[in-house]
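kindly return the folded structure for what I paste below:
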Amino acid sequence: MRKNYKVSYPKEKELRKNLESRNDVEAMRIKRYLGMPDLSRAQGSPIAEIVERVTNLPEFKDLDIIEIPEIVPANISFDLFDFPADHPARSKSDTYYVDENYILRTHTTVMWYYYLQQEDVKQRMANGEPVGCFCYGKVYRKDEIDRNHMNVFHQIDGWYLAPKDKKIIGKQELDAELRNIARAVFAPNTNIKIFDDAFPYTDPSLQMEVEKGGKWLEVLGSGVVKGSVLEKFGIDSSKWNGWAFGPGIERLAMVSMSLPDMRLFWSEDPRVKNQLILGHEFMEVSKYPPIIRDISFVVNNDFIPNDYFDFVREAAPGIIEQVELLDKYENIKKFGAGKISYAFRITYRSLDRTLTSEEIDNIHKKVEEATTKIFGGTVR
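A predicted model of the protein is given here:
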């Protein structure tokens, strides 16, 4: 029988309280992201609908559900899941650090740690019973800016552990779970391809693509949990095995609806909201024109583009459609040692109104000024 868990701990409350007292740019940004609604729990959202469809599959009816903190220890997020010491996800250019040791969760897979701390789960495992659960909600990653990426999105993780003397889990089981999810999210007759892939904490691993509009689109991966990862959680990998998956929910919903822009999930425009129905082909509402501005500047070679993307997002929340790198080059003779020239094209477009050149000129001027003040760039 399914059980529900909600994990909280004093450290997260302390970190949130400290954030409230800070007014620096990074703290303000993190507070805004934490304050955004969790669409996986928002009635009427297709993100929540996917969660409901997946968790209610008959094959998953006995898997528990756990809700975990959004601020988690970095070592639990990375060390326990076999992320190499030099993995990009560990860097401050890819992950939001609340302080030196705690981060905004980058994946809901971290729930494995919290789930295994539950006393009744420990008891069930001691009795040789299979265990498993789902975890879903917002995750946070510094990322590029385009229609398919946001730095706040939603993920659903599922995993299942069984004693090897009761069940051996391999590719056949992975294949079956992927097909179950495809049936739940897409039409039963959807064309599917499944092939080998690689993920940090599973081996073997499989990836699934679905056919949509004559194109094959990658939507979901799954894998057998590595023995080395199980051992780090204190589980004897000679006696236990399991499967796991953890897709971005927006990706599944966008494919289902042929949605052209991830920002639309957050829209309050009724013309948009009324169309956000799984399986419904999204029809673009009146297309507001873009306004494009380029910016080029010379900065020190320790400049981190992902930090710049975050800054641009914050300069014009909700109207940055894309930031495209046009050019990057070094020229010691022209710029000096340790300097790099960058050129970016910023596409401004609102989802619900026509922007004016005047307002974008004002925003873009602030971007230029801050590029100098915050990043030490020389605008060209």
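
list the residues that contact Gly246.
Residues near Gly246 by Cβ atoms under 8 Å, 6 or more residues apart in numbering: His107, Thr108, Thr109, Gln155, Ile156, Asp157, Gly158, Gly221. C-betas here are computed from N, CA, C, even on glycine.

quick one: the strands in this protein, in order.
4-6, 64-67, 71-73, 102-104, 131-140, 152-163, 192-199, 202-212, 215-225, 240-245, 291-300, 320-329, 339-348, 378-379 (DSSP state E).

name the residues of the longest helix along the chain that come out as buried.
In the chain, assigned by DSSP state H, the helix with the most residues is helix 357-373. Using 16 or more other Cβ atoms under 10 Å as the test for burial, helix 357-373 gives Ile360, Ile363, His364, Val367, Ala370, Thr371.

pLDDT below threshold where in the stretch 51-200 of the chain?
Within the stretch 51-200 of the chain, no range satisfies pLDDT under 70.

helices along that one, start to end?
For the stretch 51-200 of the chain, the helices defined by DSSP state H, counting those that start in this stretch cover 74-78, 111-115, 119-126, 171-185.

from the middle of its chain, how far away would the third one be?
Centroid separation for helix 119-126 versus its chain: 30 Å, with Cα atoms, centre = their mean, to the nearest Å.

over to the first one?
Mean-position distance between helix 74-78 and its chain equals 16 Å (Cα atoms, centre = their mean).

over to the last one?
From the chain centre to the centre of helix 171-185 is a distance of 21 Å (Cα atoms, centre = their mean).

what is that helix packed up against?
helix 46-55, strand 192-199, strand 202-212, strand 215-225, strand 240-245 (3 or more Cβ pairs under 8 Å, 6 or more residues apart in numbering; DSSP states H and E).

possible to save these as TSV with mean neighbour count and distance to Glu177?
As requested, the helices and strands packed on helix 171-185 are exported to TSV (neighbours: other Cβ atoms under 10 Å; distance: least, Cβ to Cβ, whole Å):
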stretch	mean neighbour count	distance to Glu177
helix 46-55	20	10
strand 192-199	14	11
strand 202-212	19	9
strand 215-225	19	6
strand 240-245	23	6
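
related to what we said a few turns ago, among the contacts of Gly246, which one lies nearest to Gly213?
Gly221 (21.8 Å; Cβ to Cβ).

for that closest one, which non-adjacent residue is spatially closest?
Distances taken as Cβ to Cβ, 6 or more residues apart in numbering place Gln207 nearest to Gly221, at 4.8 Å, with adjacent residues excluded.

isn't the one you found up against Trp216?
No. The criterion here is Cβ atoms under 8 Å, and Gln207 misses it with Trp216 at 11.0 Å.

ends of stretch 293-310, what's the gap?
Stretch 293-310 has an end-to-end distance of 17 Å (Cα to Cα, to the nearest Å).

start at 489 instead
All set: I'll call the first residue 489, so the last point we hit is now stretch 781-798.

buried residues in that stretch?
For stretch 781-798, the neighbour count (16+ other Cβ under 10 Å) marks Arg781, Ile783, Ser784, Phe785, Val786, Val787, Phe791, Asn794, Tyr796, Phe797, Asp798 as buried.

okay if I get those as a markdown table plus pLDDT and distance to Trp731?
Output for the buried residues of stretch 781-798, formatted as a markdown table (pLDDT from 0 to 100; distance: Cβ to Cβ, whole Å):
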| residue | pLDDT | distance to Trp731 |
| --- | --- | --- |
| Arg781 | 96 | 47 |
| Ile783 | 96 | 46 |
| Ser784 | 96 | 48 |
| Phe785 | 95 | 48 |
| Val786 | 95 | 50 |
| Val787 | 95 | 45 |
| Phe791 | 92 | 41 |
| Asn794 | 90 | 32 |
| Tyr796 | 92 | 39 |
| Phe797 | 91 | 34 |
| Asp798 | 89 | 35 |
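
make TSV out of these and add distance to Pro546.
Listed next are the buried residues of stretch 781-798 as TSV, based on distance: Cβ to Cβ, whole Å:
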residue	distance to Pro546
Arg781	53
Ile783	53
Ser784	57
Phe785	56
Val786	60
Val787	55
Phe791	52
Asn794	42
Tyr796	47
Phe797	42
Asp798	42
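
what's the domain layout of the chain?
Domain assignment of the chain by automatic domain parsing yields the ranges 492-745, 779-867.

about what we covered before: mind putting the strands of the chain into a markdown table with distance to Leu764?
Converted to a markdown table, the strands of the chain look like this (distance: least, Cβ to Cβ, whole Å):
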| stretch | distance to Leu764 |
| --- | --- |
| strand 492-494 | 27 |
| strand 552-555 | 24 |
| strand 559-561 | 29 |
| strand 590-592 | 26 |
| strand 619-628 | 18 |
| strand 640-651 | 14 |
| strand 680-687 | 24 |
| strand 690-700 | 17 |
| strand 703-713 | 18 |
| strand 728-733 | 24 |
| strand 779-788 | 26 |
| strand 808-817 | 19 |
| strand 827-836 | 23 |
| strand 866-867 | 40 |
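
thinking again about what came up before, tell me which of the domains of the chain sits most buried.
domain 492-745 (a mean of 17; mean count of other Cβ atoms under 10 Å).

any idea how far apart the tips of that one sit?
Using Cα to Cα, first and last residues of domain 492-745 are 30 Å apart.

just give me how far that domain sits from the chain centre.
9 Å.

again with stretch 781-788
With Cα atoms, centre = their mean, you get 28 Å for stretch 781-788.

pull the residues that contact it.
Here stretch 781-788 has contacts from 814-815, 823, 826-834, 836, 848, 852, 855-856, 859-860, 863-868, using Cβ under 8 Å, 6+ apart.

adding distance to Trp754, write the domains of the chain out as TSV.
Supplementary listing: these in TSV, determined by distance: least, Cβ to Cβ, whole Å:
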stretch	distance to Trp754
domain 492-745	8
domain 779-867	8
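
out of the ones you listed, which gets nearest to Arg759?
That would be, of the domains of the chain and by Cβ to Cβ, domain 779-867, which comes in at 8.6 Å.
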